[in-house]
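> return atomic coordinates for the entry below.
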Amino acid sequence: MKAFLLAAGEGRRLGPLTDTTPKCLVPINRRPLLFYWFDLFRKFHIDEVLINTHYLHEKIEDILKENTFGIKIHISYEPKLLGSAGTIKMNEEFVKQEKEFCIFYADNLVDIDLVPLLKFHRKYGRIMTIGLFYTERPTECGICILDESGRIIDFEEKPRKPKSNLAGAGVFVTSPEIIEYIPKKIPADIGFDLIPKLVGKIYGFLLKGYIRDIGTPEDYKKAQQEWNLRI
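Purely as a prediction, here's the structure:
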């Protein structure tokens with residue numbers, strides 16, 4: 001199975017740590033965050049991954065030069081940021097022949113079971129299924145409202161007045177059909193530019209496991225404390 005791992009962000013909120021280290025390489029228990037994603041990919045048989053880079057891209061590329069991760073890795077350097085959806089559109093050849101593929105935000109620390117998500121998508125999702133979790137900070141996330149079947153009937157990215165705390169986890173299962181809905185403008189963002197077009201056509205699925213966006217010093221500290229305590 002193929003996947004995109006979106007890793008081009010600058011991680012400005014996590015400074016000064018990210019002044020010299022790309023966000024996807026910040027250490028969790030003395031191990032780069034990126035390595036935990038490779039653990040997850042091996043566990044669930046994701047064997048080919050495209051990683052987009054931009055900020056401090058040389059440091060990411062240096063780590064990946066000696067690939068001992070058991071995964072076929074493609075690096076897509078973006079001199080100018082394309083946005084999360086723009087990266088998918090500009091690399092559509094990577095997944096054009098696939099029945100389904102995954103998209104992950106590399107700046108999250110996760111330990112989740114992808115099997116129930118994949119099963120749900122294959123039964124209901126067709127175009128896209130968004131992995132969801134309950135967030136403590138709904139104004140900083142993409143917030144979903146679901147109907148009884150799991151269909152997304154309302155979505156707002158970083159709402160000022162959130163309608164719920166059910167948020168996208170930066171984990172998606174989708175089909176190549178999704179590329180038809182991505183606007184041609186650059187940059188193009190999944191949360192702001194793509195998902196609002198798909199409300200009523202896509203589904204959400206509540207993930208089980210550990211999920212934390214490490215984008216702030218507070219959350220990064222929590223992640224360091226929680227990681228070895230998770231069940």
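> helices along this protein, start to end?
33-43, 57-65, 84-90, 114-120, 195-198, 217-226 (DSSP state H).
> of all those, which lies closest to Pro176?
Proximity to Pro176 (C-beta to C-beta) singles out helix 84-90 among the helices of the chain, at 9.6 Å. Just so you know, the C-beta spots here come from the backbone N, C-alpha and C atoms, and that holds for glycine as well.
> helices and strands around that closest one, which ones?
Contact partners of helix 84-90 among helices and strands, from 3 or more C-beta pairs under 8 Å, 6 or more residues apart in numbering; DSSP states H and E: strand 2-6, strand 101-105.
> which strands border the first one, and is each parallel or antiparallel?
To tie it back to what came earlier, the one meant is strand 2-6. strand 48-53 (parallel), strand 101-105 (parallel) (DSSP bridges).
> now tabulate these in a markdown table and tack on mean neighbour count, mean pLDDT and distance to Pro27.
Shown next, in a markdown table, are the strands paired with strand 2-6 (neighbours: other C-beta atoms under 10 Å; pLDDT from 0 to 100; distance: least, C-beta to C-beta, whole Å):
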| stretch | mean neighbour count | mean pLDDT | distance to Pro27 |
| --- | --- | --- | --- |
| strand 48-53 | 22 | 98 | 18 |
| strand 101-105 | 23 | 98 | 18 |
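> alpha carbons of the top strand by length along the chain, as CSV, please.
If you go by DSSP state E, the chain has its longest strand at strand 166-174. Coordinates of each C-alpha in strand 166-174 appear next as CSV, following Å, rounded to 0.1, in the frame of the first residue of the first chain:
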residue,chain,number,x,y,z
LEU,A,166,-14.3,15.7,17.1
ALA,A,167,-11.3,16.5,15.0
GLY,A,168,-9.3,15.2,12.1
ALA,A,169,-6.2,13.4,13.2
GLY,A,170,-4.1,14.0,10.1
VAL,A,171,-4.8,10.4,9.0
PHE,A,172,-6.8,9.8,5.8
VAL,A,173,-7.7,6.8,3.6
THR,A,174,-8.7,7.9,0.1
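> first-to-last residue distance for stretch 180-195?
12 Å (C-alpha to C-alpha, to the nearest Å).
> buried set for that stretch?
181-182, 188-195 (16 or more other C-beta atoms under 10 Å).
> so, low pLDDT: which residues of the protein?
230-231 (pLDDT under 70).
> most distant residue from the centre of it?
Of all residues in the chain, Glu148 has its C-alpha farthest from the mean position, at 25.0 Å, by C-alpha atoms, centre = their mean.
> so which elements touch the longest strand of the chain?
strand 101-105, strand 108-112, helix 114-120, strand 128-134, strand 142-146, strand 203-206.
> each with direction, which strands does the fourth one pair with?
Taking DSSP bridges as the criterion, strand 128-134 pairs within the sheet with strand 166-174 (antiparallel), strand 203-206 (parallel).
> mean neighbour count and distance to Leu229 for these - can I get that in a markdown table?
Below are these laid out as a markdown table (neighbours: other C-beta atoms under 10 Å; distance: least, C-beta to C-beta, whole Å):
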| stretch | mean neighbour count | distance to Leu229 |
| --- | --- | --- |
| strand 166-174 | 24 | 20 |
| strand 203-206 | 22 | 22 |
